[in-house]
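Enquirer: A predicted structure for the sequence below; I have some questions about it.
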Amino acid sequence: MAVHIVRLGTPRSAGEGLRIGTVRRPPRGVPRSEYASRDFYDVWFPLLSPSPELVAEAKHAQEEEDDKAWRHFERRFQAEMAEPEASRTLDLLAALSHQTNFAIGCYCEDEQRCHRSILRKLLAKRGAAFA
């Protein structure tokens, strides 16, 4: 049993389980009824996505390939994830990773410049099992 960290919209791997979209917005131009069949996500869970202002900050850091801006984004996103509701959710997901397979993901092409890399670190600190 494990958590998979994925890029939304990519083909699912065998045994991946439920796919959770940790994104601020649903995929553009895709009917809600097709989110799962097009390999985006089964459940939309924006609580684990950056706030709208941080999404803009992350996009800037990605586009400019600015390491300093990325580190600033990372610190601010970690602070958001330290808020009680998000923190409890991360605790829950870490515990569930030892009981069932599931995936969390985002649309970004490069995981290293995506908030899902930070979610991976936060889940690892909580003892999550990874695929």
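Expert: Okay, I see it.
Enquirer: gap between Pro31 and Arg7?
Expert: Between Pro31 and Arg7 the distance is 21 Å, computed by CB to CB, to the nearest Å. Every C-beta, even on glycine, is put in place using the N, C-alpha and C of the backbone.
Enquirer: Of the two, which one has the most company?
Expert: It is Arg7, of Pro31 and Arg7, that has more neighbours when counted by other CB atoms under 10 Å, with 15 against 10.
Enquirer: quick one: stretch 53-70 to chain centroid distance?
Expert: Mean C-alpha position of stretch 53-70 versus that of the full chain (CA atoms, centre = their mean, to the nearest Å) differs by 16 Å.
Enquirer: what sits up against that stretch?
Expert: Contact with stretch 53-70 is made by 24, 49-50, 72-73, 76-77, 80, 108, 110, 113-115, as judged by CB atoms under 8 Å, 6 or more residues apart in numbering.
Enquirer: now, among the residues you listed, which is nearest to Pro11?
Expert: Minimum separation from Pro11 among the contacts of stretch 53-70 (CB to CB) is found for Cys108, which lies at 16.8 Å.
Enquirer: Confirm for me that the closest one is in contact with Ile118.
Expert: No - contact criterion CB atoms under 8 Å: Cys108 and Ile118 do not qualify, at 11.4 Å.
Enquirer: In the lowest-mean-pLDDT helix or strand in the chain, which residues are buried?
Expert: Between all helices and strands in the chain, the lowest mean by mean pLDDT, DSSP states H and E belongs to helix 52-64, at a mean of 90. By neighbour count, with 16 or more other CB atoms under 10 Å as the criterion, the buried positions of helix 52-64 are Leu54, Val55, Glu57, Ala58, Ala61, Gln62.
Enquirer: all helices for the protein, in order.
Expert: Using DSSP state H, the helices of the chain run over 52-64, 67-81, 84-96, 115-125.
Enquirer: who are the neighbours of the third one, in terms of helices and strands?
Expert: The elements that helix 84-96 packs onto, with contact taken as 3 or more CB pairs under 8 Å, 6 or more residues apart in numbering; DSSP states H and E, are strand 3-7, helix 67-81, strand 102-106, helix 115-125.
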